[in-house]
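K.L.:
Whatever this is, show me its structure:
(chains A and B)
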Amino acid sequence: EAQVTQNPRYLITVTGKKLTVTCSQNMNHEYMSWYRQDPGLGLRQIYYSMNVEVTDKGDVPEGYKVSRKEKRNFPLILESPSPNQTSLYFCASSPRDRSGSGNTIYFGEGSWLTVV
Amino acid sequence: QKEVEQDPGPLSVPEGAIVSLNCTYSNSAFQYFMWYRQYSRKGPELLMYTYSSGNKEDGRFTAQVDKSSKYISLFIRDSQPSDSATYLCAKRFSFGNEKLTFGTGTRLTIIP
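P.N.:
Numbers count the residues shown, from 1 in each chain, chains lettered A, B, ... in the order given. Coordinates of the predicted model:
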């Protein structure tokens, strides 16, 4: 079954304690990204990766790091979490749109993160 | 001005009604337009994907794009309680740029 898997799904942590949210996809997709979803603000892109070892900032990258050492994995790292990073996080993947005809972007189930 | 504007609702309609959901956007460079459906505590799932101006139909769903007005719509015919969800419009730039820009979402409830 094609899927994007995130872990943990739910986490409460304290300010300053480093954490990593893992993301893995089994569809051999080149493109992966992280979004956060906040009430009234919708989904905003944090970081994205066009392929292995290729990452770039999205709209709200401050306070986050990512890495893409393997094609299937794209972890999101919060080096020193703060309460304003309390949010619902989604990982997404898609194949490269080589033809320009459009493609489907698959989202994970989401990770609820609370920083106290 | 946000790049993508969407009325957050909430919107409640009786079962069987026609639902109209709308988005406007400000950047004419957007080329691809999508509607995602998101159930509570779930990830968004792609509902409709369109490139050009005009209508695209898929079962009870019709996506309409008017590039001259920078306006997109989603129509749901014969609405069902299972259609109750948050609907997100999304835009993407042209070929080679995968980044999605989302509206804030409209929360829809279909009343049996």
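K.L.:
Do you know the pLDDT at A:Gly42?
P.N.:
A:Gly42 carries a pLDDT value of 86.
K.L.:
Just give the nearest non-adjacent residue to it, would you?
P.N.:
Leaving out its chain neighbours, the residue that sits closest to A:Gly42 by C-beta to C-beta, 6 or more residues apart in numbering or on different chains is B:Thr104, at 3.9 Å. No exception for glycine: its C-beta is placed from N, CA and C like everyone else's.
K.L.:
Close to chain A: what parts of chain B are there?
P.N.:
Selection of chain B residues close to chain A by C-beta under 8 Å from any C-beta of the partner chain yields B:4, B:6, B:8, B:32, B:41-46, B:49, B:51, B:88, B:94-96, B:98-105.
K.L.:
my guess is the residue nearest to A:Gly42 meets A:Gly40, correct?
P.N.:
Yes. The criterion here is C-beta atoms under 8 Å, and B:Thr104 meets it with A:Gly40 at 6.2 Å.
K.L.:
Tell me which stretches of chain A form strands.
P.N.:
For chain A, the strands defined by DSSP state E cover A:4-7, A:10-13, A:19-25, A:31-38, A:42-51, A:54-57, A:65-66, A:76-78, A:87-94, A:106-107, A:111-115.
K.L.:
These into CSV, with extra columns for mean neighbour count and distance to B:Lys67?
P.N.:
Converted to CSV, those look like this (neighbours: other C-beta atoms under 10 Å in any protein chain shown; distance: least, C-beta to C-beta, whole Å):
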stretch, mean neighbour count, distance to B:Lys67
strand A:4-7, 19, 31
strand A:10-13, 13, 41
strand A:19-25, 19, 32
strand A:31-38, 23, 25
strand A:42-51, 20, 22
strand A:54-57, 14, 28
strand A:65-66, 18, 34
strand A:76-78, 19, 35
strand A:87-94, 23, 23
strand A:106-107, 22, 26
strand A:111-115, 18, 36
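K.L.:
Any idea which of these gets closest to B:Lys56?
P.N.:
Across the strands of chain A, B:Lys56 has its closest neighbour in strand A:87-94 (19.5 Å, C-beta to C-beta).
K.L.:
quick one: strands adjacent to whichever strand or helix holds B:Leu88?
P.N.:
Following DSSP states H and E, one finds B:Leu88 within strand B:85-92. Sheet pairing for strand B:85-92, assigned by DSSP bridges, gives strand B:32-38 (antiparallel), strand B:100-102 (antiparallel), strand B:106-111 (antiparallel).
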